[in-house]
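**Q** Okay, structure incoming, though there's no sequence with it:
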């Protein structure tokens, strides 16, 4: 699982996870703040600026994570 | 976990999961195709068009999912 995910410490903030999508112009970065809040950055172009930024609470991030991992089950 | 996630069958394609972020203008939708490919749609405005769209393989989606769920561990 470690392959293709680059982790950077952000002192005083949390950790940044860069997920390599094996495409030159597409990347997903997630910052997990010490508070639990996640910032999701989606890059879909060569620009250094993200195409979309979303701030997610821990619970929201877990929901999105569960759906993406296909471990989500309907209640 | 089911709360806040709306699942729609897409006959012949797969399933769409809409994750409510409790903000009027922000939404995440994931289409899981029968092939396993995931389409991630991020909406950050009132527009019906997504701000960012990413096509993820099953493995890539699991990586992003693991990071978001904070179940990711460095190899």
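**A** Structure's in. What do you need? For clarity, every value in this text was computed on a predicted model and none was experimentally measured.
**Q** show me what contacts residue A:42?
**A** With contact set as CB atoms under 8 Å, 6 or more residues apart in numbering or on different chains, residue A:42 has these partners: A:27, A:28, A:50, A:51, A:52, A:53, B:40, B:42, B:52, B:54. Bear in mind the C-beta positions are built from the backbone N, C-alpha and C, glycine included.
**Q** and with 10 Å instead?
**A** By CB atoms under 10 Å, 6 or more residues apart in numbering or on different chains, residue A:42 lies in contact with A:26-29, A:50-54, B:40-42, B:44, B:50-54, B:64.
**Q** Give the pairing partners of the helix or strand of chain A with the lowest mean pLDDT; include direction for each.
**A** One helix or strand of chain A scores below all others by mean pLDDT, DSSP states H and E: strand A:14-23, with a mean of 91. Here strand A:14-23 has these sheet partners by DSSP bridges: strand A:5-10 (antiparallel), strand A:26-33 (antiparallel).
**Q** Leaving out the residues flanking it, which one is nearest to residue A:32?
**A** Leaving aside its chain neighbours, residue A:32 sits nearest to residue A:14 (5.0 Å; criterion: CB to CB, 6 or more residues apart in numbering or on different chains).
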